[in-house]
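1. this one's sequence-less:
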């Protein structure tokens, strides 16, 4: 088990372009979370999946953001028409839903929008 | 709403104990966590405590929870230079629940 992986690790894009990030959770984990972390802040929740169902979305997740987890395994987070304010670290976490749920985080994808 | 607060910075000498503090506002918090983040990296889970406990010890780490005051602390014994990082306190209200993080405390360990 290699833990949660995320690709790419870094992405530089121009304002207005679309970007897509991928997260591969720990293999037996049924829950997958996306968070965003800006400089000097703690991570903020964006959205969460249980298997392939997207069960909760934050108000931070504007219409330009979409996340999928088509087969209940890996997930993608797409940002359309990127803005400079989207520059942040995007973190993915996964967990196995039992009575105590511990979320394990990936290394993150750092996005810079020029 | 939920709010988690931490002091921004702590400097300790190698070998001393570090105590990082956190306060939270959500009285329905069920689990409280400590994560460590090194520069440019993701978050590493250090330990967690259930809200009906008041203390948990795990090797060099001791977590104290005062539920009445909604205060959580992390004590690191015999702090090493490798402990230099940002430490985040986080809370959740149970299963299938998002984590709410504090702003993080940067721990600097000096020789």
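-> Received, thanks. None of these values were measured; they are calculated from a predicted model.
2. use CA for all of it now, contacts and neighbours both
-> Fine.
3. run through who's touching stretch B:9-20.
-> For stretch B:9-20, contacts defined as CA atoms under 8 Å, 6 or more residues apart in numbering or on different chains pick out B:6-7, B:73-81, B:105-111.
4. that stretch - what's its average pLDDT?
-> Taken as a whole, stretch B:9-20 has an average pLDDT of 97.
5. measure it end to end?
-> 9 Å (CA to CA, to the nearest Å).
6. identify the residue spatially nearest to residue 89, adjacent ones excluded.
-> By default, I'm working from chain A. In this structure, residue A:89 finds its nearest non-sequential neighbour in residue A:110, 4.3 Å apart by CA to CA, 6 or more residues apart in numbering or on different chains.
7. that's the other chain; I wanted chain B
-> Using CA to CA, 6+ apart, the nearest residue to residue B:89 is residue B:34, at 4.8 Å.
8. neighbours around the one you found, how many?
-> Counted by other CA atoms under 10 Å in any protein chain shown, the residues lying close to residue B:34 total 24.
9. and what of residue A:79?
-> Residue A:79, neighbours per other CA under 10 Å, totals 20.
10. wait, isn't it in contact with residue A:61?
-> No. In this structure, residue A:79 is not within contact of residue A:61 by CA atoms under 8 Å, at 9.7 Å.
11. quick revisit: next, the residue nearest to residue A:89: phi, psi?
-> Reported as degrees, to the nearest 10, the phi and psi values for residue A:110 are phi -90, psi 120.
12. what pairs with the closest residue to residue A:85 other than its chain neighbours across the strands?
-> Distances taken as CA to CA, 6+ apart put residue A:113 closest to residue A:85, at 7.8 Å, once the chain neighbours are dropped. Assessed by DSSP bridges, residue A:113 has beta-bridge partners residue A:13.
13. what pLDDT is listed against residue A:113?
-> Residue A:113 is given a pLDDT of 98.
14. pretty sure it contacts residue A:83?
-> Yes. Judged on CA under 8 Å, residue A:113 makes contact with residue A:83 at a distance of 6.5 Å.
15. which residues are in contact with both of these two?
-> residue A:15.
16. got a pLDDT number for the residue in chain A positioned nearest to chain B?
-> Proximity of chain A to chain B (CA to the nearest CA) peaks at residue A:107, 4.0 Å away. Among the per-residue scores, residue A:107 holds a pLDDT of 94.
17. near chain A, which residues of chain B?
-> Proximity of chain B to chain A is confined to B:41-45, B:88, B:94-96, B:98-104 under the rule CA under 8 Å from any CA of the partner chain.
18. mind checking which of these are in strands?
-> B:43, B:44, B:45, B:88, B:100, B:101 (DSSP state E).
19. I'd like to know how many residues surround residue B:48.
-> 19.
20. wait, it sits on residue B:34?
-> Yes. With contact defined as CA under 8 Å, residue B:48 and residue B:34 form a contacting pair (6.1 Å).
21. all the strands of chain B, residue numbers only.
-> B:4-6, B:9-13, B:18-24, B:31-37, B:43-50, B:55-58, B:61-66, B:71-76, B:85-92, B:100-101, B:105-110.
22. can you state the direction angle for the fourth one and strand B:71-76?
-> For the pair strand B:31-37 and strand B:71-76, the angle between their directions (axes from the mean of the first three to the mean of the last three CA atoms, to 10 degrees) equals 40 degrees.
23. for strand B:31-37, packing partners?
-> With contacts taken as 3 or more CA pairs under 8 Å, 6 or more residues apart in numbering or on different chains; DSSP states H and E, strand B:31-37 sits against strand B:43-50, strand B:85-92.
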